[in-house]
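> With the sequence up front, the predicted model follows.
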Amino acid sequence: MKTIITTALLLVFNLAFTESNNLWTDCSSSDDKTRVELTSISVAPILPKKGQYITVNFELIIKEEITSGEVSVKLIYSVMPIIDEDLDLCNLITQFNTKCPLEKGTIPVKVTKSIPNFIPSGLYKANINATDQNNKQMFCVNGQFNIQ
């Protein structure tokens, strides 16, 4: 299950920050960008396929120390909910070779995961919402993407 959630996160980053794909919305409030800023991202391949790997490189600027938090992940295939999880931020980021507290500064992250063969091809809709230790939103992304 952890692999599926991580893959879903990568796919949402793929759709959210690939210039050729505008099927996303930033649902963050305006003051969210004062805590965390995404400064660069690269994703390969742009069109994800089952059984292939997806690699995401990104860089975050942490503007306020983050000691803990929660990441809410929702993934829907067609009309069927696939994932509806609230994840501990500090546990989740250990997969990205980092840990809490997140100090002020720049954090480069590279993640490579395979897209499972068993998931159905088609349209997926996703929402990722992250909050910090004070329950303040750090970022929010809604989007949709196709798996081939």
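Noted; the coordinates are in hand. Residues are numbered from 1 along each chain as shown.

> how about low-confidence regions in the chain?
Scanning the chain for pLDDT under 70 picks out the ranges 1-24, 30-34, 38, 41.

> from memory residue 111 sits against residue 95, does it?
Yes: using Cβ atoms under 8 Å, residue 111 is in contact with residue 95, at 7.4 Å. Just so you know, the C-beta spots here come from the backbone N, C-alpha and C atoms, and that holds for glycine as well.

> May I have the secondary structure class of residue 94?
Here residue 94 is recorded as helix under DSSP: H, G, I helix; E, B strand; the rest coil.

> Can you give me the neighbour number for it?
11 (other Cβ atoms under 10 Å).

> so how far is residue 59 from it?
Going from residue 94 to residue 59 by Cβ to Cβ, to the nearest Å gives 19 Å.

> what does residue 75 give?
Taking Cβ to Cβ, one finds residue 75 at 25 Å from residue 59.

> So which of those two has more stuff around it?
residue 75 (22 against 15).

> For that one, which residues are in contact?
With contact taken as Cβ atoms under 8 Å, 6 or more residues apart in numbering, residue 75 is in contact with 8, 81, 82, 83, 84, 124, 125, 126.

> Buried ones in stretch 124-139, by neighbour count?
Buried residues in stretch 124-139, defined by neighbour count with 16 or more other Cβ atoms under 10 Å: 124-132, 136-139.

> and the two most separated of the residues you listed?
Distance extremes for these: the farthest pair is 124 and 136 at 27.9 Å, using Cβ to Cβ.

> Please work out how many residues are found near residue 123.
Residue 123 has 13 nearby residues by other Cβ under 10 Å.

> re the thing from before, what about the buried residues of stretch 124-139, which are in strands?
Counted as lying in strands by DSSP state E, out of those, are 124, 125, 126, 127, 128, 129, 130, 131, 132, 137, 138, 139.

> Any chance of TSV for these, columns distance to residue 145?
Supplementary listing: those in TSV, determined by distance: Cβ to Cβ, whole Å:
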residue	distance to residue 145
124	6
125	8
126	7
127	13
128	12
129	17
130	19
131	24
132	27
137	22
138	22
139	18
